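Give me a 3D structure for the following:
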Amino acid sequence: MAAAIGAALAGAAWSLVDLTIAAAIVGGCNGAIAGWHRIYRWRALAGVAAFVLDSTWALITTAGALVVHAVAVAQRTPGNYAASLSERRDRHVYVKGLTFRRGFLTTIGNVVSGAGRSRPNRVVDAHENVHVWQARWFGPLYPLMYGAWTVLGAVAGLIAWVVSGRHDPLGRVVEAWSYYRNPFEWWAYSREGRWPPPRALAVHVWTRPIGVSRAGELDT
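Numbering: from 1, shown residues only. Okay, the predicted model is just below:
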């Protein structure tokens, strides 16, 4: 049922730009996998909204999430799928999956990778879940804005390093500008109750968080 509805929603939404068939395939696959893993909260408005957004406005990042599923399956790691962090959570979580940096989780669309077996659930619930919803709210603009900030931030970091007299390690300064100063990451770290992270503070990133932390709420 979820596959059929997802395909119908995606096809109808993206028919406006003549991508009906491709969109229907992505929406149908997402619905099938989500239905199998039972991730959506069908009795909650937020869960229904998550499914609708994943199948329409955020379909581009949902397509990226399908690639992450494929990588996770190809890894053939027993217990790779973290059902306890996924079922009725409006997201998928993998212990391994597709990651780009050691020690960092990666979220693409509605899929979180690299959760590991020893990581606290709070990192997924408070930080990575923010990225899941950022992808839904900003839709096709999200990867464009995140990617643009990463590239332009790296350039700004290089300039800042030169102007400052090269006192701090270049890699740390570029990382601070391209990653930690990214508004999407500032938002997620603040919700996790971990702003500023130690690595960011070392190169003078601002100390004021944005929004309200969920740390206390999730620890109770």
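
From now on I want contacts and neighbour counts done on CA atoms only, so please keep to that.
Noted.

Can you list the residue ranges for strands in the protein?
92-93, 106-108, 111-113 (DSSP state E).

Could you point out which of those strands sits nearest Val151?
Proximity to Val151 (CA to CA) singles out strand 106-108 among these, at 17.7 Å.

How far off centre is the closest one?
Remark: strand 106-108 is offset 4 Å from the chain centroid, using CA atoms, centre = their mean, to the nearest Å.

need the longest helix for the protein.
The helix that spans the most residues within the chain, counting by DSSP state H, is helix 141-163.

show me where the protein has helices.
2-14, 20-37, 45-55, 59-75, 121-122, 129-138, 141-163, 170-175, 183-192, 198-201, 215-219.

export the strands of the chain to JSON lines and tack on mean neighbour count and distance to Arg191?
Shown next, in JSON lines, are those (neighbours: other CA atoms under 10 Å; distance: least, CA to CA, whole Å):
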{"stretch": "strand 92-93", "mean neighbour count": "28", "distance to Arg191": "19"}
{"stretch": "strand 106-108", "mean neighbour count": "23", "distance to Arg191": "16"}
{"stretch": "strand 111-113", "mean neighbour count": "28", "distance to Arg191": "17"}
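
now these in a markdown table, with distance to Thr62 and mean pLDDT?
Formatted as a markdown table, those follow (distance: least, CA to CA, whole Å; pLDDT from 0 to 100):
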| stretch | distance to Thr62 | mean pLDDT |
| --- | --- | --- |
| strand 92-93 | 11 | 98 |
| strand 106-108 | 8 | 98 |
| strand 111-113 | 9 | 97 |
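
would you list these in a markdown table and tack on distance to Gly147?
Listed next are the strands of the chain as a markdown table, based on distance: least, CA to CA, whole Å:
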| stretch | distance to Gly147 |
| --- | --- |
| strand 92-93 | 23 |
| strand 106-108 | 13 |
| strand 111-113 | 18 |
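
Go through the ones you listed and name the closest to Ile210.
Closest approach to Ile210 among those (CA to CA): strand 106-108, 20.2 Å.

which helices and strands does that closest one pack with?
Applying 3 or more CA pairs under 8 Å, 6 or more residues apart in numbering; DSSP states H and E, we find strand 106-108 packed against helix 59-75, strand 111-113, helix 129-138.

List of residues touching the second one?
Think strand 111-113. Applying CA atoms under 8 Å, 6 or more residues apart in numbering, the external contacts of strand 111-113 come out as 65, 68-69, 91-99, 105-107, 124, 128, 132.

if we can go back for a sec, so which of the helices and strands packed on strand 106-108 is the most packed in?
Ranked by mean neighbour count, the helices and strands packed on strand 106-108 are led by strand 111-113 with a mean of 28 (mean count of other CA atoms under 10 Å).
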